[in-house]
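# how would this look folded up:
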Amino acid sequence: MVCVGVDIVSIKRMESLCAKFGERALKRFLNESEIVLAKTPQSVAGFWAAKEACAKALKCGIGKELGFHDILVSKSSKGAPVLNLTKEKLDYFNVESLSLSIAHDGGFAIAVVGISLEY
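Model prediction:
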């Protein structure tokens, strides 16, 4: 079964969050390796959207079953976004594969996540 999730977020919203709370805000939803990669408000917004889209694809949202730190965003050797889950969550949701696309335009970041589940 293939599930899809999408999320869109205002880049200004992420700028405001970072201006108000600094790195403490980033640590609420990004891992250390993600903070290193998310150098711009556009990247921060894209990572947020990617994690929300992943939760939507898994039909659970961010909460008890799946937290922001269970979802890992990195980059391939070519700079493409890569999505992964912790081993525990890969097993819990029976995930076979994940795919992520992020785009930024007009003051917004959007992410689309495709997840193949084993059944």
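# use CA for all of it now, contacts and neighbours both
Noted.
# Need the three-state assignment for V4.
Under the three-state scheme (DSSP: H, G, I helix; E, B strand; the rest coil), V4 adopts strand.
# count of neighbours near A57?
21 (other CA atoms under 10 Å).
# now the longest helix seen in the chain: how far from the chain's centre is it?
In the chain, assigned by DSSP state H, the helix with the most residues is helix 41-57. Mean C-alpha position of helix 41-57 versus that of the full chain (CA atoms, centre = their mean, to the nearest Å) differs by 4 Å.
# What's the local residue count around the closest residue to S116 other than its chain neighbours?
Excluding its sequence neighbours, the residue lying closest to S116 (CA to CA, 6 or more residues apart in numbering) is V2, at 4.4 Å. Residues near V2, counting by other CA under 10 Å, number 14.
# Equivalent analysis for C60, please.
Neighbours around C60, by other CA under 10 Å: 12.
# May I have the predicted confidence score for it?
Here, the pLDDT recorded for C60 equals 95.
# residues in contact with it?
By CA atoms under 8 Å, 6 or more residues apart in numbering, C60 lies in contact with L66.
# returning to what we had before: what is the following helix or strand past the longest helix of the chain packed up against?
Using DSSP states H and E, the helix or strand that follows helix 41-57 towards the C-terminus is strand 71-75. Counting contacts by 3 or more CA pairs under 8 Å, 6 or more residues apart in numbering; DSSP states H and E, strand 71-75 packs against helix 32-37, helix 41-57, strand 81-85.
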